[in-house]
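Peer 1: Starting from these lines, generate the structure:
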Amino acid sequence: MNRPTPSEYAPYYEGYISQVSESDIMPVLRSQMDELDVLLGRVEPAQETHRYAEGKWSIREIIGHLIDGERVFGYRALCIARGEKQNLPGFDQNDYMLTAPYDHIELEDLLSELRLVRLSNIAMFRSLDEAAWNRVGTANGNEVTVRALAFIMGGHARHHMNVLRERYLPNPG
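Peer 2: Next up, the predicted model:
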C-alpha cells in the first residue's frame, strides 16, 4: 500500500494524513486501540469528564468523537469502495456533540465501543482489493479515495491522542 497523494483528499485532511508517516496504514489502525488503552489507563474516574478550558470537550467526549469519526469515515470508505456515486454527507462534529450522551458513559465502555468500531473497519479494509482501495468518491462535496479515508482515520486518532497527551494528561514532573 502506498500513501495517498494530495489529489486523493481535500486539503483540510492534510493535517490528519500528515500525522501518519508510515506507508502501510493497517498496522497503524490495529495498534492505535492498544495505544489508547495505555494512554488512558491512568485516568481516574473523576478525570473522565474534565475539560481543560471552557467550551472544550471532556476526555469522554473526545473518545465519543473518535467513535463518531470512525463510523462516518468507515461508512464513507464502504460506500466508495462499493462504487457509490452520490455525494456522501458531511458532519459537523460540534453539532453531533450537542446531542451525544458521551459524558454520561464510562470511559471504559467508550473505549470498548471504539475498539469494536475500529475492528469492524479493519475487517472491511482487509476485504478490499486494490481497485477498491483506489476508488474515488465524493464526501461532503470533496473527492476522496478509500485509501485516503483509511489514512484520515489513523491520523484523526493520532491527532486526538496528541491532544489528550498535551492538554489532559501532561507528564508529571
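Peer 1: make it CA atoms for all contacts and neighbour counts henceforth
Peer 2: Noted.
Peer 1: so what's residue 76 scoring on pLDDT?
Peer 2: Residue 76 carries a pLDDT value of 98.
Peer 1: Which parts of this protein are helices?
Peer 2: Under the criterion DSSP state H, helices of the chain are mapped to 14-17, 25-40, 59-81, 93-99, 107-126, 130-134, 146-163.
Peer 1: list the helices and strands the lowest-mean-pLDDT helix or strand in the chain packs on?
Peer 2: Among the helices and strands of the chain, helix 93-99 carries the lowest confidence by mean pLDDT, DSSP states H and E, at a mean of 95. On a contact count with 3 or more C-alpha pairs under 8 Å, 6 or more residues apart in numbering; DSSP states H and E, helix 93-99 meets helix 59-81.
Peer 1: Distance from the chain centre to the helix it packs on, please.
Peer 2: With C-alpha atoms, centre = their mean, to the nearest Å as the basis, helix 59-81 stands 6 Å off its chain's centre.
Peer 1: May I see the buried residues of that helix?
Peer 2: Neighbour-count burial for helix 59-81, counted by 16 or more other C-alpha atoms under 10 Å, picks out 59-74, 76-81.
Peer 1: Dump stretch 10-21 to CSV, keeping only the CA atoms.
Peer 2: C-alpha atoms of stretch 10-21 as CSV (Å, rounded to 0.1, in the frame of the first residue of the first chain):
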residue,chain,number,x,y,z
ALA,A,10,-9.5,17.7,0.4
PRO,A,11,-6.7,20.0,1.7
TYR,A,12,-8.5,20.1,5.1
TYR,A,13,-7.4,16.5,5.8
GLU,A,14,-3.7,17.1,5.2
GLY,A,15,-3.4,17.8,9.0
TYR,A,16,-4.6,14.2,9.7
ILE,A,17,-2.8,12.4,6.9
SER,A,18,0.5,14.1,7.9
GLN,A,19,0.1,12.5,11.3
VAL,A,20,0.8,9.2,9.7
SER,A,21,4.4,8.7,8.5
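Peer 1: Poorly predicted segments of the protein, please.
Peer 2: Scanning the chain for pLDDT under 70 picks out the ranges 171-173.
Peer 1: rerun that using 90 as the cut-off
Peer 2: Within the chain, the stretches with pLDDT under 90 are 1-2, 42, 170-173.
Peer 1: so what's the closest residue to residue 50 other than its chain neighbours up against?
Peer 2: In this structure, residue 50 finds its nearest non-sequential neighbour in residue 58, 5.1 Å apart by C-alpha to C-alpha, 6 or more residues apart in numbering. By C-alpha atoms under 8 Å, 6 or more residues apart in numbering, the residues touching residue 58 are 48, 49, 50, 51, 52, 103.
Peer 1: Contacts only, for residue 85.
Peer 2: Residue 85 neighbours (C-alpha under 8 Å, 6+ apart): 137, 138.
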